[in-house]
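> Sequence and predicted structure are below.
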Amino acid sequence: MKQIIVTLFCCLMITVGLSAQNIVKGVVKYNNSEKPLQGVSILIESKNISQLTNTDGSFILNNLPNGDHLITIKKEGYETQNYPVSLSGSPIDLGVIFMYDDTLSEDQDLSVITITDDELNDDASAADNISGLLQASRDTYLRTAAFDFGGSFYRVRGLDSENGTVMVNGIEMNKLFNGRPQWSNWGGLNDVTRNQEFSNFLTPSNYGFGGLLGTTYINTRPSEQRPGVRVSYASSNRSYVHRAMGTYATGMMQDGWSFLVSGSKRAGSEGFVDGTSYNAFSLFASLEKRINDNHALSFTSIYAPNRRGKSSSNTQEVFDLKGIQYNSFWGYQNGEIRNSRIKELIEPIFILNHYWDINENTSLQTNIGYQYGQLGNSRLEFNGTNLNPNSGFPEGGGANPDPTYYQKLPSYALRNFPDNPGIAFGLQQQFLNDGQLNWDKLYQTNIDSKNRGENAINILYEDRVDDQLFNASTIFNSELNDNINLTASVTYKNLRSENFASVLDLLGGTGYLDVDGFASKLNTNPLSVQNDVLNPNRIVTEGDRFRYNYNILSNVVSGFAQAQFKYNKIDFYAAVTATKTDYQREGLYQNGGFLSNSLGKGDKINFNGFGGKAGFTYKLTGRHLFDFNGAYLTKAPTIRNTFANSRENHAVIQGTTEEKIISFDGSYILRTPTVQAKLTGYYTKMEDANEVSFYFADGVSVTGADNTNFFIQEILQGVDKKHFGGEFAIEVKATPTIKVKAVAVIGQYTYDNNPNIAIASENFVGLSDADEFGRLPYVKSYLKNYKVASGPQRAFSLGFEYRDPDYWWISATTNFLSHAYIDVSPIQRSSNFYTDFDGQPFNDYDPTVARELLQQERFKGYMVANLVGGKSWKIDNKYISVFASINNLFDKTYKTGGFEQGRNANYRQLQNDQSLDTPVFGPRYWYGRGTTYFLNVNVRF
């Protein structure tokens, strides 16, 4: 009897315990279609409890504590729902919860994406723009960096976009050549790429290991796009002038099919900078078939050809004469603007995905991608020659047609003819009254040459890169229980990249002699002038390849694994990755200067990369959190920074190895109903990087050379950089309709060692100090503690936003940016700077004067104001919205970047130039845009 009573008592207690469990459940649907919504966040923020709805829109929150709670239900693009509940042991069923369109927030988000997309198409900086990586972030600081700081080419933590991973439907889009995503590949498709998931910095991602700046995952699955039609028109004076865009999505239909199509056209004869034409159209088509409850297939195609005119960097002298909108790359031809520097991109993308929901908590996504096409950058060649009938050597050549060529500017006359100021005045007036490319003269020069029976002197050609990239990956996710989530992936990439120069326009000529105009050792090596010994003295015409022609072959295999743990007081994670990379050059021309190491396949270069990262979030309370992340990784250098001179030979940068990176950050986070704030400190150290650049230099000291002026390759090896700083952002909801935000960032980004530097030239081959590739031995470049040219290292923003219940909003910000530095010349910080042609130091070298000459320029700080606003209407089932922005409201002029010209390579050259009021070879700068506008009208139904 006692055992029976004990058993009944235990059963009763179990029953009571089960009935006392607090459960909240419900189903979330879209109000227009009454279809379930997947991926809706269900939150109890005070308890740090969160969950996403399943494919049928359902959710269940288990084991909730007794008491009063506020359940928040939100998803990007929908109005947030809040449900107060009181739990005392009984389950609560919220039933069907309908989500309504949040047209105001959606318009704001699309506006940010549109604006950053516009910034990404700008070539006004030597470096790339990171805005696209940040546009999906909800973080106050990162959104400020994307929108308000983007026009200043601000880089978060001083990092390039190669440090952020971009994925489209599971396929990584970062280029193997330079590690950066090519944003124009999907430009103009804002409607279908707005569904993005961003993992900040080192925080875990459900798709891959990511980079120092995090992971941006773009999801274009038709079944997860809002059904309906969207049509929009935009006008701007930034990159393009007009944009028209249309999108149609079916959503998931009853037969399991869903379709998504979108297209846009962007055009303009010139943007804010003179002569920067723009012509692009974009097409997107995707379909998906849900085979059953567990399997779905989708296919996506993207075709976004883009053709646009580029803008020039200018010296201070040119800016003083012509202003910030001046661009030397264009001129009039038959009354029409024609830009000589055109970037044309045509690289279609095809992606096939298989989605397998193995069970309710486990999924496997398999992805296959293929991309091919061409990237071309055009420019003028003005060194056309003819063969001397007696010697057989080429002779001739033309004058540099660049209107900012140093011999055409007043500073040249002031330096060389100081006693005749009339020459300088004449050049000044000529430049002020015209100062553009003279296409008629280029044609006439060639016509005169043709009439003499000679080859073309001037031609327009393009540097082409034709890639074929195969990409396959599989991503595994499993929620083992309420606390543990596992993620793993495997990726394979195969690249075949064709690189060559191609003649675009003979400019009235009949043919062009394909020889190397910089070759100077014809007496000792007559073949050195030949770009291809197998086809000597070839006359090329339009459409022919010439100058250089080679392939780059690459394979990349990588794996990734990650575990995430979530508990009431602490969340933590750990992730590891491993990558194997190989590169190989295949020369299709036998270069006359490198007969034995330019043709055929060179050695295969292999790199092994490993990485690990971990972090935790400690929740002191629901409002006070502490977050820490750390990582160490090694990675292969990009193709660009592996080969020393791939256009001419197989040479690999000596001593090249995997780059090493260590990084960590720590944050304090405050979350209350009215205040959101975050304070972060970070540190990053990068080691063993390479950098390669090409330019013409005066004052290069080489033993045995017959002069000191050469076209060189400058190779930096073993570069270390250190980045650290702090970030603070706060957003205060002052009233139900007004938010105030402030951001402050202070960083310091410096070179952290004195890396190796070597210069190389075909003309050095055979000299006692040079190797078979014309490389001189490494010396030190004394760069330690110089600032890295990575945009403003300090930035501050203060702004407010008003959101009216009648669906209109306005936002204004004032931003101050400072501590941006010029990119210094490494060769001027090496022994070449103080060494004479005989290898001895200059007898007039003064270290004090040298320090003044080599002082790094810091640009002046500046303040810009931005104004943004919008209005939405609902008319029957149609949503109409208008968005407008004005950037740099008060037309502030400021420098965004620049670089020292390496032409003055030694002490005497630089001192003579800098002693002038206006240096002939002064630094070249990029400037921010003046006042610009963007206007967008959108209709959705």
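Yep, it's here. Keep in mind that this is a model prediction, so the values were computed, not measured.

> So for the helix or strand hosting Val261, what gets flagged as buried?
Here Val261 sits within strand 257-268, counting by DSSP states H and E. Using 16 or more other CB atoms under 10 Å as the test for burial, strand 257-268 gives Ser258, Phe259, Leu260, Val261, Ser262, Gly263, Ser264, Arg266, Gly268. Where you see a C-beta, it was placed from the backbone N, CA and C, and this is true even at glycine.

> swap in stretch 866-883?
Residues of stretch 866-883 classed as buried by neighbour count (16+ other CB under 10 Å): Asn866, Val868, Gly869, Gly870, Lys871, Ser872, Tyr879, Ser881, Phe883.

> Max pairwise distance over those residues: which two?
Asn866 and Tyr879 (25.4 Å; CB to CB).

> In the stretch 351-500 of the chain, where is pLDDT below threshold?
Within the stretch 351-500 of the chain, the stretches with pLDDT under 70 are 392.

> And the helices in it, which stretches?
Along the stretch 351-500 of the chain, counting by DSSP state H, counting those that start in this stretch, helices occupy 410-416, 421-433, 439-451.

> what residue ranges in the stretch 1-150 of the chain score low on pLDDT?
1-21, 32-33, 46, 48, 77, 101-137.

> Now do the strands in the stretch 301-450 of the chain.
Secondary structure of the stretch 301-450 of the chain (DSSP state E, counting those that start in this stretch): strands located at 306-309, 314-315, 330-333, 336-339, 342-346, 349-359, 362-381, 385-387, 394-396.

> cool, the stretch 601-750 of the chain as well?
Applying DSSP E, counting those that start in this stretch to the stretch 601-750 of the chain gives strands spanning 605-619, 624-635, 659-671, 675-698, 709-733, 738-751.

> Nearest to Arg341, out of these?
For Arg341, the closest of these is strand 675-698, at 16.3 Å, according to CB to CB.

> what about Asn494, how many neighbours?
Asn494 sits with 14 neighbouring residues when counted by other CB atoms under 10 Å.

> hang on, it packs against Ile552?
No - using CB atoms under 8 Å, Asn494 is not in contact with Ile552, being 11.9 Å away.

> Would you reformat the strands of the stretch 301-450 of the chain as JSON lines and include distance to Tyr751?
Shown next, in JSON lines, are the strands of the stretch 301-450 of the chain (distance: least, CB to CB, whole Å):
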{"stretch": "strand 306-309", "distance to Tyr751": "33"}
{"stretch": "strand 314-315", "distance to Tyr751": "25"}
{"stretch": "strand 330-333", "distance to Tyr751": "36"}
{"stretch": "strand 336-339", "distance to Tyr751": "35"}
{"stretch": "strand 342-346", "distance to Tyr751": "30"}
{"stretch": "strand 349-359", "distance to Tyr751": "37"}
{"stretch": "strand 362-381", "distance to Tyr751": "29"}
{"stretch": "strand 385-387", "distance to Tyr751": "41"}
{"stretch": "strand 394-396", "distance to Tyr751": "42"}
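
> Tell me which of the ones you listed sits nearest to Lys408.
strand 314-315 (12.2 Å).

> what pairs with the closest one, and is each one parallel or antiparallel?
Sheet pairing for strand 314-315, assigned by DSSP bridges, gives strand 924-927 (antiparallel).

> Work out the gap between the partner strand and the centre of the chain.
19 Å (CA atoms, centre = their mean, to the nearest Å).

> still on that earlier bit, want to throw the strands of the stretch 301-450 of the chain into JSON lines with mean neighbour count and distance to Asn483?
Compiled in JSON lines, these are given as follows (neighbours: other CB atoms under 10 Å; distance: least, CB to CB, whole Å):
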{"stretch": "strand 306-309", "mean neighbour count": "23", "distance to Asn483": "47"}
{"stretch": "strand 314-315", "mean neighbour count": "22", "distance to Asn483": "58"}
{"stretch": "strand 330-333", "mean neighbour count": "19", "distance to Asn483": "61"}
{"stretch": "strand 336-339", "mean neighbour count": "16", "distance to Asn483": "58"}
{"stretch": "strand 342-346", "mean neighbour count": "18", "distance to Asn483": "46"}
{"stretch": "strand 349-359", "mean neighbour count": "17", "distance to Asn483": "18"}
{"stretch": "strand 362-381", "mean neighbour count": "18", "distance to Asn483": "16"}
{"stretch": "strand 385-387", "mean neighbour count": "18", "distance to Asn483": "73"}
{"stretch": "strand 394-396", "mean neighbour count": "16", "distance to Asn483": "74"}
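
> between the ones you listed, which gets nearest to Phe607?
Of all those, strand 362-381 sits nearest to Phe607, with 22.5 Å by CB to CB.

> how about the closest residue to Thr193 other than its chain neighbours, what does it touch?
Leaving out its chain neighbours, the residue that sits closest to Thr193 by CB to CB, 6 or more residues apart in numbering is Ile218, at 5.1 Å. Going by CB atoms under 8 Å, 6 or more residues apart in numbering, Ile218 touches Val166, Met167, Val168, Asn169, Trp186, Thr193, Asn195, Gln196.

> pLDDT score for Ile218?
You'll see Ile218 listed with a pLDDT of 93.

> just Ser528 next, same as before
For Ser528, the pLDDT comes out at 87.

> what's the burial count for it?
Quick note: Ser528 (other CB under 10 Å) scores 24 neighbours.

> Surely it is in a helix?
Yes - according to DSSP: H, G, I helix; E, B strand; the rest coil, the state of Ser528 is that of a helix.

> related to what we said a few turns ago, between the strands of the stretch 301-450 of the chain, which one is closest to Gly630.
Among the strands of the stretch 301-450 of the chain, strand 362-381 comes nearest to Gly630, with 28.2 Å by CB to CB.

> strand partners of the closest one, parallel vs antiparallel please.
strand 342-346 (antiparallel), strand 349-359 (antiparallel), strand 459-479 (antiparallel).

> Turn these into a markdown table, columns for distance to Asn537.
What follows is those, written out as a markdown table (distance: least, CB to CB, whole Å):
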| stretch | distance to Asn537 |
| --- | --- |
| strand 342-346 | 29 |
| strand 349-359 | 41 |
| strand 459-479 | 16 |
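
> which residue is nearest the centroid of this structure?
By CA atoms, centre = their mean, the mean C-alpha position of the chain lies nearest to Ser161, the distance being 4.2 Å.

> Do I have it right that that residue meets Arg180?
Yes - between Ser161 and Arg180 there is a contact under CB under 8 Å: 5.0 Å.

> Does the closest residue to Gly766 other than its chain neighbours lie in a helix or a strand, and which?
Spatial nearest neighbour of Gly766, chain neighbours left out: Thr524 (6.6 Å); criterion: CB to CB, 6+ apart. Thr524 is part of no helix or strand, with elements assigned from DSSP H and E.

> any idea how far Thr524 is from Asn645?
Remark: distance between Thr524 and Asn645 (CB to CB, to the nearest Å) = 20 Å.

> between the two, which one's more packed in?
Neighbours around Thr524 and Asn645, counted as other CB under 10 Å, are more numerous at Asn645. The numbers are 24 against 8.

> hmm, back to that, let's have the strands of the stretch 601-750 of the chain in TSV, adding distance to Thr577, mean pLDDT and mean neighbour count.
Shown next, in TSV, are these (distance: least, CB to CB, whole Å; pLDDT from 0 to 100; neighbours: other CB atoms under 10 Å):
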stretch	distance to Thr577	mean pLDDT	mean neighbour count
strand 605-619	5	97	17
strand 624-635	7	97	18
strand 659-671	12	96	18
strand 675-698	17	94	18
strand 709-733	21	95	20
strand 738-751	25	97	19
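
> can you tell me which of these comes nearest to Glu344?
When these are compared by CB to CB, strand 675-698 sits nearest Glu344, at 21.8 Å.
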